[in-house]
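Novice: Sequence plus predicted model, see below.
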Amino acid sequence: MRQKLVVSVSGKGGVGKTTITTLLLRTLLHHTKHQLLVVDADPVMNLPAMLGISIEMSVGEAASQLRDDIDAGSIPAASSKQDRLEGEVYEALVEGDKFDFLAMGRTEGEGCYCFVNRVLTQILDTITANYDVTLLDMDAGLEHLSRRTDRNVDVLIIVIDPSKMSFDAAVRIKELAKEVHIEFKRIWVIANRFPDSLIKETAASLEKRLNNEGLELAGIVPADDQIVEYNLKGKSLLKLDDNHPAVVAVDAIAKRIGLLSEEQLLELLGRT
Ligand SMILES: Nc1ncnc2c1ncn2[C@@H]1O[C@H](COP(=O)(O)OP(=O)(O)OP(=O)(O)O)[C@@H](O)[C@H]1O
Ligand SMILES: [Mg+2]
């Protein structure tokens, strides 16, 4: 039986969501046998580059095509629309040796996407059921919460960087999730891009400040020149060495938040 744990990575713009998603994937690839799906839910689509994969079609492009066909009246019954979109989503799925990947992209042009968005959410539910763990790299900001794109997410990871703005954004994300009644099983904060000196100095006080806001710190990922260098060269972060400081930090975080063993996944899902 699949564990079907859906993890989303959120936070303010530029804090390192895509980087953390990639490093979490790297950890899961190295330390588990989970069946993995990675979804780029950010229309800007930075994740394929960090993973070193190329995509031919996004789900949004498939949806736009379908909408145009609906407008043109060439698809009559509602059921056939759903079948068609489902087929296209599976076509947009990049099946790799070690993990599968789906780029949501964006729907092109104007018009009402209600039908398409609804069907997409349903299809995503169906697809994620085929995997032990699905990692969602979200877009910056809060809109995905108000649209309730995250409603089937089990574990919400909020990334912050060493700035008050990103801390405030984390608190706001947690509050908004509550307001729109999204019930995550766990919410964790990952502090990213902290200089080593700051880590020693502020780890304890950061944890305390987060706890005061009802948030929990999963761990701190150091600021790292090699991450910058890899991105500059367009080299996949999946290729970072095992003993690399950011990798070691994310390995520990994945363990702490319970992503590494089947027992832990089941526990997270409340099935034990
Ligand atoms: N730990 C780190 N050390 C050094 N640089 C980092 C680290 N984490 C992220 N970066 C750099 O910060 C920049 C932003 O990272 P990333 O794209 O992961 O953020 P994001 O939150 O996904 O951004 P967006 O909101 O645009 O989607 C990138 O250039 C990345 O290389
Ligand atoms: Mg990103």
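Specialist: Looks like it came in fine. Ligands and ions are numbered 1, 2, ... in the order given.

Novice: Counting neighbours, which bits of the helix or strand harbouring residue 267 end up buried?
Specialist: Using DSSP states H and E, the secondary-structure element containing residue 267 is helix 262-268. Burial within helix 262-268, assessed by neighbour count using 16 or more other CB atoms under 10 Å, is assigned to 264-265, 268. Any C-beta I mention is one placed from the backbone N, CA and C, and that applies to glycine too.

Novice: Using a markdown table, lay out those together with distance to residue 53 and pLDDT.
Specialist: Formatted as a markdown table, the entries for the buried residues of helix 262-268 read as follows, by distance: CB to CB, whole Å; pLDDT from 0 to 100:
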| residue | distance to residue 53 | pLDDT |
| --- | --- | --- |
| 264 | 27 | 89 |
| 265 | 25 | 90 |
| 268 | 27 | 87 |
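
Novice: With respect to residue 48, which of those residues is nearest?
Specialist: Top of the list for closeness to residue 48, among these and by CB to CB, is residue 265 at 26.0 Å.

Novice: Show me what the one helix or strand residue 210 maps to packs onto, helices and strands only.
Specialist: Under the criterion DSSP H and E, the helix or strand holding residue 210 is helix 196-212. Judged by 3 or more CB pairs under 8 Å, 6 or more residues apart in numbering; DSSP states H and E, helix 196-212 is in contact with helix 164-179, strand 186-194, strand 217-222.

Novice: Check the secondary structure at residue 55 for me.
Specialist: The three-state assignment at residue 55 reads coil, by DSSP: H, G, I helix; E, B strand; the rest coil.

Novice: rewinding a little: now the helix holding residue 210 against helix 164-179, angle please.
Specialist: Going by axes from the mean of the first three to the mean of the last three CA atoms, to 10 degrees, helix 196-212 is angled at 30 degrees with respect to helix 164-179.

Novice: Now do the same contact list for whichever residue of the chain sits closest to ligand 2.
Specialist: Distances between the chain and ligand 2 by CB to the ion are smallest at residue 18, namely 3.3 Å. Applying CB atoms under 8 Å, 6 or more residues apart in numbering, we find residue 18 in contact with 42, 46-47, 50, 137.

Novice: top of these by neighbour count?
Specialist: Using other CB atoms under 10 Å as the neighbour definition, the contacts of residue 18 reach their maximum at residue 137, which records 27 neighbours.

Novice: show me where this structure has strands.
Specialist: 5-11, 36-40, 94-95, 100-103, 133-137, 155-160, 186-194, 217-222 (DSSP state E).

Novice: Mind checking those for the one nearest to ligand 1?
Specialist: Within the strands of the chain, the stretch nearest ligand 1 is strand 186-194; the backing value is 4.1 Å (CB to the nearest ligand atom).

Novice: relative to helix 196-212, how tilted is the closest one?
Specialist: Angle of strand 186-194 versus helix 196-212, following the same axes, to 10 degrees, is 160 degrees.

Novice: what's the spacing between residue 133 and residue 36?
Specialist: With distances defined as CB to CB, to the nearest Å, the gap from residue 133 to residue 36 amounts to 6 Å.

Novice: circling back to that earlier point, among the contacts of residue 18, which two are most distant?
Specialist: Within those, two members stand farthest from each other by CB to CB: 42 and 50, at 11.5 Å.

Novice: Enumerate the residues of this protein near ligand 1.
Specialist: When proximity is defined as CB under 6 Å from any ligand atom, the chain approaches ligand 1 at 11, 13-19, 42, 46, 140, 192-193, 221, 223-224, 227-228, 231, 246.
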